[in-house]
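Asker: Based on what follows, work out the 3D shape:
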Amino acid sequence: MTHKNYTIPIFIPELACPFQCLYCDQRKISGKSSIPNEDEVTQIILAHLNTIPKQAHIELGFFGGNFTGIDKTEQEKYLKLVQPYLDSGAIQNIRCSTRPDYINHEVLQLLKKYRVGTIELGAQSMDDEVLKKSKRGHTVADTLNAAKLIREYEINLGLQMMIGLPGDTKQKAILTARKIIEAGADNTRIYPTLVIKNTKLEEMYHQGRYQPLTMEKAVDWTAAVYKIFEQSEVKVLRIGLHPSEGLLDGSDLVAGPFHPSFRELVLTEIWRKKLSDIKSDSDSITITVNPKELNYAVGYYASNKKMLSKKFKSVKFGINNNLANSDYELDYHR
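Answerer: Here you go, the predicted model:
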C-alpha cells in the first residue's frame, strides 16, 4: 500500500538572498510577506499535522528563499524545531530550497547533521546566456558542482527549472531538462516565467524588451520537458506557480502564462497529442487509461473527448490500474 505524500510548507521569503533576479518577488509569488518566528513555525506544523491522515508520508519544506544563505545559527534554529517531530515519526523528512552557489561542504555537513533529506536548487536554466540575462548571479557550472556535492552527501536532489526567461527558447528548455537529468536529479519543478509587479522584468516588459510566453507556447514547452522527465523517471513535483491570492486576483500579475490549473492544461496537451492520431472506420471507441490519468486523458473541460467526438459517434473512457501512466488501450466497436 502506498501512502500519500504531504509537505508542510514554511515560507521564508527572500531571506538572505544576495541577488534580485529580474523576475523575482518571493513575497508576492508565495503570498507570504513576513518571516515566521519559532512560535509561528511550530503553529504551522501542528495545524498541518492535525489535518493530515496519520498514515501519510509527511515532509517539512523550507521554501521561498535562500535557506543555506541565512546565518548558520538561524538555520540551526529552524532545523532544531523539526527534530522532535522526526524523532517521534510525525514527520519523515526535511527539504529545503536554496541557490546553487550557496552549497559547500560546511553547509552540507550542517544539513546532514539535522537530517535534511532533500535539497532543491533553483537551477532555472542550464544555459549561461539565459542565466546572465536573468541576473541569476550563478552559472551552469555552479549548479552542476552543487548537484555533485549533494549527491556525494547522499541527499536527494531537486533541480527546479523555469521556461520563458529572457533569452530562452524551446530548445534551451529541452536542453535544461536533459542536463537536470544528467546531473542526477531525483525530482524537479517546472515554472513558466511570469511578469510580477515591481520587478525588473516588469520594467523590461513595459519598455518592450521582454515578451512573456503565450499560454499556448508555455503549455507546449512544458509538455515537451515534462515528457523528457517522465521518460527518465525524474518526478515532477509541481508544474506552474502555487496560486497565491495576488496571482489569482491579478493584483500582483502584470503579464505571462498564469493559470490556476496549469498542470492540467499541460497534461491535457500531452494526451491530446497521443490521442489525435487515432484513426479508425469504427463508430465507437473506448480508451482505457490509468485512473490517475483519466482527467487528463478526457482533457481540461473534456477538450480531448470533444476532439475525438468529431471522429467517432461514441467516445468512452475506462480505467485500468495495471496500465502505466503514459500507456492506454483502445477498443473499437461498431
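
Asker: Distance of His138 relative to Val266?
Answerer: 27 Å (C-beta to C-beta, to the nearest Å). All C-beta spots, glycine's among them, are computed from the backbone N, C-alpha and C.

Asker: More neighbours: which of those two?
Answerer: Legend: neighbour count by other C-beta atoms under 10 Å for His138 and Val266, higher for Val266 (27 against 20).

Asker: Could you say whether that one sits in a helix, a strand or coil?
Answerer: helix (DSSP: H, G, I helix; E, B strand; the rest coil).

Asker: so what's it up against?
Answerer: Val219, Thr222, Ala223, Tyr226, Ile239, Gly240 (C-beta atoms under 8 Å, 6 or more residues apart in numbering).

Asker: ok, the residue positioned nearest the centre of the chain - contacts?
Answerer: What sits nearest the mean C-alpha location of the chain, by C-alpha atoms, centre = their mean, is Arg189, with 2.3 Å. Arg189 sits next to Glu120, Gly158, Gln160, Met161, Val236, Leu237, Arg238, Ile239 when contact means C-beta under 8 Å, 6+ apart.

Asker: hey, what's the third one bridged with?
Answerer: Going by DSSP bridges, Gln160 is paired in beta bridges with Gly122, Arg189.

Asker: Please tell me I have it right and it contacts Met126.
Answerer: No - taking contacts as C-beta atoms under 8 Å, Gln160 lies outside contact range of Met126: 11.6 Å.

Asker: Show me the protein divided up by domain.
Answerer: Annotated domains of the chain cover 5-260, 268-333 [automatic domain parsing].

Asker: I'd like these as JSON lines, with mean pLDDT appended.
Answerer: Shown next, in JSON lines, are those (pLDDT from 0 to 100):
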{"stretch": "domain 5-260", "mean pLDDT": "90"}
{"stretch": "domain 268-333", "mean pLDDT": "94"}
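
Asker: in the stretch 1-150 of the chain, which spans are helices?
Answerer: 26-30, 38-49, 72-88, 105-113, 128-133, 140-152 (DSSP state H, counting those that start in this stretch).

Asker: right, and the ones you listed - which one's nearest Thr199?
Answerer: Nearest to Thr199 among those is helix 26-30; the distance by C-beta to C-beta comes to 8.6 Å.

Asker: Many thanks, we can stop here.
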